[in-house]
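> A predicted structure for the sequence below; I have some questions about it.
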Amino acid sequence: MTNNFALNDKISLRQVQILLILGIFGFGVTSLPRRVAEFAGQDGWLGVLLATLTALVLVWIITNVTKMHTGITFYDFACKTLTRPVGVVVCLFLIARLVLLAAFNLRIFAEITQSILLPTTPFWIVFAAMLVLAGFGASKGMEARARLAEILILIALVPLIIVFVISSRDIDFTNLLPIFNAPLENVGRAGYAALFAFNGLDMLLLISPFLARPKKLTKSAGGAVLTMGGLMVAITAVTIARFGAGNIARHTWPVLRMMDTAAMPGAIIDRQGALIMTFWIISAYAIINAALFFSSLLLKNIVGKGNHSRYIIICLPIIAIIAALPDNLTQVYNYFSRYNNIFGVGAMVILPIILLIIGKIRGVKNA
Amino acid sequence: MKISTNLDENIEYLENLFADSGDLVKRKFPIGTSRRRWAYVIYLDGMTDRGVVEQTILPRLMASSPKTPEAFFHEPISLLETLKDGGMTTADLREETDMDNIVHMILSGDTAMLLDGDCAGILIATRGWPNRGVPETSVEVVVQGSNEAFSEVMRFNTALLRRRVKDTNLKIKQSNVGRRTKTDIAVCYMEDVVRPEVLAEVEQRLANITIDGILDAGALEELIEEDTNSPFPQCQITERPDKAASGIMEGRVAILVDNSPTAILVPATMNSFFQASEDYSQGWEIMSFTRILRFAAAFFALALPGLYIAITTFHPNMLPTLLAFKMAAAREAIPIPAVLEILIMEFAFELLREAGIRLPRPVGSSIGIIGGLIVGEAAVAAGIVSPLVVIVVALTGIASFAIPNYAIVSAFRICKFLIIALAATLGLLGFWIALITILIHLASMKTFGLPYLFPFASGDVNGYTDFKDSLFRAPMAFMKKRPIYANPNQQNRQQPPNNLGNPHVKE
């Protein structure tokens, strides 16, 4: 336990956990039950379980790469391990991954906002409002982001969990039976689809300069992933049980639908959709903010000068334009799954494994 | 400038400096009856306790009396030494060789005595001026607890602190700020409990001030704040000596400013503005309830009007059908949009609040009548605003009075309008964007190196012990550790066995 706040721009492991949960646990969840039920029917939740276990392995790999370069930036580490040109390419790849991730989340957020909160407001206003907010947050630096996350997670998760518990009261759990009905291969496919609910795990690669105590990173990040995995399994199981594996495909965001229609006993609020929007607003903020922060940081490292705030300003319009490109929601999800196959797998699986192996072989040590 | 050995040169210098100063009292006089050695006494009338000068010090030196020291009748080797070694019947005097210091001390109310043939003068502490004694608290009023408040005289204020903390570790470091006003300030702290880095930071910031004058603690506060563009206060201003003493005991630094009936306490986290000194003089159950009430009040004061606008204008479908109908019926005949309604009423309320402060006390009550009748009843009867808006604005106003610190309430008042503006344009999305913007700002703020939102953010640095005195107030027996302000080596507030004088608790 350190009591010294003079350590600027350092965050504690608790804050890493909170940032991770807030940044990852978001829009992936809204459509998760539909995507896994597509492959594995009522056994979809097994796919989520599988994805959680895979995510744990990925966390182990990623955090071990992070621990190789405590004290120096990811850019320096990549250049050292893979030579400078390859390092720059890797960083550019990560920037593209983050910017695209922010753009997809922004678009999905705008779609949800339009369907629940503001049916007549044009997209670009929602884009602008959210991007300015996320940019403002990112410009304040890592420490402020971490402190804010500690506050936001309470505001976001408490109503979500309350509504979730209430909406899961009158549910027919026989909809989940029989278990182990789906072939193993389908569960595997569901697991692969569910893995992208953990999109953003690779940001752990970039946090090494901000860690006050990097040694226990694996354990903390693993704890955070387990927490999220548990929540996701529960949400998926309850949602499938509620709608049945056959009907679930009718809803774009089955989780939203379920929570919106649940009857709150004696509540002053009739439809919780707007209340739950609190959660989506905060998680959209968190993921876009994280993507902006890290991509601007990588850009700054590559260029090698200036404050990271100016790179945030460069990223903002790019994200807005990409978010506006798809014509409709179907196209968004189509692009998103293609993106996941390339950038998601690349950043979360392939890149960390390569870095871990080459790092070990070349014996790259801490600065 | 050094003092000259020639008395007349010194006199000429001083009288030039103090030319056209009607309150100056000065006299050159021979010491004893021999009329061989001369002295010059100078002080400012009204700043000085004349009794001490005229009745205790001068009679012994001016004339031959049974009290006049023997040495004065001969040719003393050093007049200065003789005077210091018993010529004067006061303990509080010192030798000074620098003319600028002499001038400063005269201006502060001391009496200076210059001597023929000596290159040093004597400064006698004779400060004494009209004051209103120790006043009663007027802003931070409590039901139970001390009613003493700080006064304008800094020396009284340090005494009020000393009376509460009888420990030699309580240090009171005096200096002055303001090139012209030379305002005395005192930095008070517990030497062993304060965080050295915080104390160093305070001293550094005070030393960096180059302004010509400070007239009040509030002006000093702005000069030592981290972020002057923030509406949120980063120093806590208090008029209560018990609050300042308790802050000092927790490791905070109190800054007293002469002529200002308040102390500045730093560091000041958001949480500290929700704590009142009463919280510790009543039961923990009641005060925990009050704490939760205060935080709820803060949310209302900040967000209620914005939430009302967002829900009525954009999302009436969130409400249960009956309530939605009721609200629609109340708004039916109102010719203006909800946001304008709220803004009109908020404006009226802010006007009333401001006028209420400026009004002379005898007519003060009339503002309540005018406010209640005209702004409330008449506006509704005239159909300009709906009764619901009156309720919302009144609730917002009442909530703002439930928070024990005025400065933080002012910040909430300003931020309230940001929320109103965004909620009126983007509904709940705007409401949350405004709220998150404010939170980003708060999360990025630090007060003398500590996170402003502590312990709600970064609480794990202290093992979350500071939560025991935040949203609720834990029983004293559970608050064994000092808050984050204290030096990490001085964490323990209570020494074992920790039974707090309760015979029923087993050791």
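Structure received.
> the helix-or-strand element of chain B with minimal mean pLDDT: what's the following helix or strand?
Every helix and strand of chain B was ranked by mean pLDDT, DSSP states H and E. The lowest is helix B:79-82, at a mean of 73. Next helix or strand after helix B:79-82 toward the C-terminus (DSSP states H and E): strand B:93-96.
> can you name the element that comes right after that following strand?
Following strand B:93-96 toward the C-terminus (DSSP H and E): helix B:99-107.
> please enumerate the strands of the chain.
No chain was given, so I picked chain A. Using DSSP state E, no strands are found in chain A.
> the intended chain is chain B.
Using DSSP E, strands in chain B cover B:24-30, B:38-44, B:93-96, B:111-115, B:121-124, B:170-177, B:183-190, B:236-238, B:253-257, B:263-266, B:446-447, B:450-451.
> restrict stretch A:47-54 to CA atoms and write it as PDB.
In PDB, the C-alpha atoms belonging to stretch A:47-54 read as follows (Å, rounded to 0.1, in the frame of the first residue of the first chain):
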ATOM      1  CA  GLY A  47     -20.200 -20.600 -25.100                       C
ATOM      2  CA  VAL A  48     -19.900 -17.600 -22.900                       C
ATOM      3  CA  LEU A  49     -18.300 -19.700 -20.200                       C
ATOM      4  CA  LEU A  50     -15.800 -21.000 -22.800                       C
ATOM      5  CA  ALA A  51     -15.100 -17.500 -23.900                       C
ATOM      6  CA  THR A  52     -14.500 -16.400 -20.300                       C
ATOM      7  CA  LEU A  53     -12.000 -19.200 -19.900                       C
ATOM      8  CA  THR A  54     -10.300 -18.300 -23.100                       C
END
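> circling back to that earlier point, what about the strands of chain B, which gets the closest to chain A?
strand B:450-451 (5.7 Å; C-beta to the nearest C-beta). C-beta coordinates here come from the backbone N, C-alpha and C atoms, glycine included.
> do the closest one and chain A meet at all?
Yes: for strand B:450-451, a contact with chain A is found by C-beta under 8 Å from any C-beta of the partner chain, at B:450-451.
> mind listing residues that contact that strand?
Strand B:450-451 is contacted from outside by A:5, A:143, A:147, B:198, B:267, B:269, B:443, B:445, B:457-458, B:484-485, using C-beta atoms under 8 Å, 6 or more residues apart in numbering or on different chains.
> turn these into a markdown table, columns for pLDDT, distance to residue A:95 and neighbour count.
Below are the contacts of strand B:450-451 laid out as a markdown table (pLDDT from 0 to 100; distance: C-beta to C-beta, whole Å; neighbours: other C-beta atoms under 10 Å in any protein chain shown):
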| residue | pLDDT | distance to residue A:95 | neighbour count |
| --- | --- | --- | --- |
| A:5 | 54 | 31 | 21 |
| A:143 | 91 | 23 | 22 |
| A:147 | 93 | 26 | 29 |
| B:198 | 93 | 40 | 23 |
| B:267 | 92 | 38 | 28 |
| B:269 | 93 | 37 | 27 |
| B:443 | 94 | 25 | 26 |
| B:445 | 92 | 30 | 22 |
| B:457 | 87 | 29 | 26 |
| B:458 | 85 | 29 | 24 |
| B:484 | 89 | 38 | 25 |
| B:485 | 90 | 42 | 27 |
